[in-house]
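1. Just the structure for this:
(one chain, ligands or ions: 1)
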Amino acid sequence: MGITVSGISKRFGAFTALGDIDLEARPGEFLALLGPSGSGKTTLLRIIAGLEFPDTGTVAFDGVDVTNQPITDRGVGFVFQQYALFRHMTVADNVAFGLTVRKRSTRPAKAEIARRVEELLDLVQLKDLGKRYPAQLSGGQRQRVALARALAVEPRILLLDEPFGALDAKVRKDLRRWLRELHDRMGLTSIFVTHDQEEALELADRVVVMDHGVIEQVSAPEAIYNDPASAFVFDFVGESNRLPVSVRGGRAHFGGHAFDVATDGTRDGDATLFFRPHDVEIVGAGAAALPAVVSLARPRGGGTRIEARIEGREAPLELDYTGDAPPRPGDRIGVRPLRARLFPAG
Ligand SMILES: Nc1ncnc2c1ncn2[C@@H]1O[C@H](COP(=O)(O)OP(=O)(O)OP(=O)(O)O)[C@@H](O)[C@H]1O
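-> Below you'll find the model as predicted:
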């Protein structure tokens, strides 16, 4: 089932939480909403779920406008961190909840509900734990129960808000993979909110990067990392160095030094240069490059991570060196950014 969000805006008092959002999730797609705290991810997800209503704009599922439908009519499964399991109910009763609260006319028979619960517990690999209470489970098991509960109503759309936020890194990673498999196997359309970029890049078909209530970029994970659409995305996703430069005659200038970068039609004037730590060439001092002094060198991932200071800039550059004669603290080096990107200042 496809999800189409058109022209959605939402204010809380004088504060604009979402401004004119357009977004499309194709049938079967797994989207991640990624952004810093307060960027509007949860508000957007709640509007898609029907837990919140927009000031303007529409939400449609497979072309059918559901903007004014309450959550109970939308047929979505959702796992939100704040909708924890019911502590006084067994695991099985938690999973059955969405079915048992249905009106009598649409509620399956008791035996049928029990069968479905068994099936779901099997699916989330908690087959023999139906009689336990949430307090008797690990964090990861609880989140799998929450997922089983969301899936009990046989949704075509699954909405998840940081469902693994409170779990340790290893469990998170396992659950993430397992969730992706489940999504594929059940043919769901899923939207997942996270502020963890690794999670978004690993899990999603496309990543939606948000900041201050607007969408900065919607792209496949590789493109988010390798071809960021804005200075914000470059900075937010992956490691980066930023340097205020002025662009003149196809070259970047910083502190009296000029160096070659692809200016890609950037107009002459002030700009911010971005480059990743591994996208540099480190050359000897005196070469036509940005002069820097190494302040720190430590092993990292088979190479050496170097911090280097440049005159007139407080924040050191973070650089990766992969050769076998890494520079040492105090060494003077020249830094040539490769694959750098310029964004107009401002
Ligand atoms: N009911 C509300 N009343 C007033 N302000 C709200 C309300 N809900 C959200 N906001 C504000 O809207 C902005 C966006 O919040 P939202 O929860 O959507 O952000 P988020 O990107 O999900 O952040 P986080 O990663 O911290 O959960 C925040 O500044 C928040 O304080």
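2. Quick check: next helix or strand after the helix or strand of the chain with the lowest mean pLDDT?
-> In the chain, no helix or strand scores lower on mean pLDDT, DSSP states H and E than strand 257-260, which sits at a mean of 80. The helix or strand immediately downstream of strand 257-260 is strand 269-275, counting by DSSP states H and E.
3. who's in contact with that following strand?
-> Under the contact criterion CB atoms under 8 Å, 6 or more residues apart in numbering, strand 269-275 has outside partners 228, 231, 234-235, 240-247, 252, 254, 261, 337-346. Quick note: C-beta positions are derived from backbone N, CA and C, even for glycine.
4. do the same with stretch 241-248
-> Here stretch 241-248 makes contact (CB under 8 Å, 6+ apart) with 231, 235, 252-254, 263, 266-277, 310, 313, 317-319, 337, 342, 345.
5. tell me the contacts of the closest residue in space to N94 that isn't next to it in sequence?
-> Sequence neighbours aside, L85 is the residue nearest to N94 in space, at 5.0 Å (criterion: CB to CB, 6 or more residues apart in numbering). Shown in contact with L85 (CB under 8 Å, 6+ apart): 91, 94, 134, 142, 145-146, 149.
6. One more pass at 6 Å, please.
-> Taking CB atoms under 6 Å, 6 or more residues apart in numbering as the criterion, L85 is in contact with 94, 134, 142, 145.
7. Filter these down to the buried ones and express that as a ChimeraX selection.
-> Of the contacts of L85, the buried ones go into a single ChimeraX selection, burial set by 16 or more other CB atoms under 10 Å:
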select :94,134,142,145
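8. can you tell me which of the contacts of L85 are in helices?
-> Judged by DSSP state H, the contacts of L85 include 94, 142, 145 as members of helices.
9. how deep is whichever residue of the stretch 101-250 of the chain sits closest to the ligand tucked in, by neighbour count?
-> Here the residue of the stretch 101-250 of the chain nearest the ligand is H195; by CB to the nearest ligand atom that distance is 4.9 Å. By other CB atoms under 10 Å, the residues close to H195 number 16.
10. next one: R251
-> 14.
11. Can you name every helix or strand that the host helix or strand of L158 contacts?
-> If you go by DSSP H and E, L158 is part of strand 157-161. Judged by 3 or more CB pairs under 6 Å, 6 or more residues apart in numbering; DSSP states H and E, strand 157-161 is in contact with helix 41-49, strand 76-80, strand 189-194.
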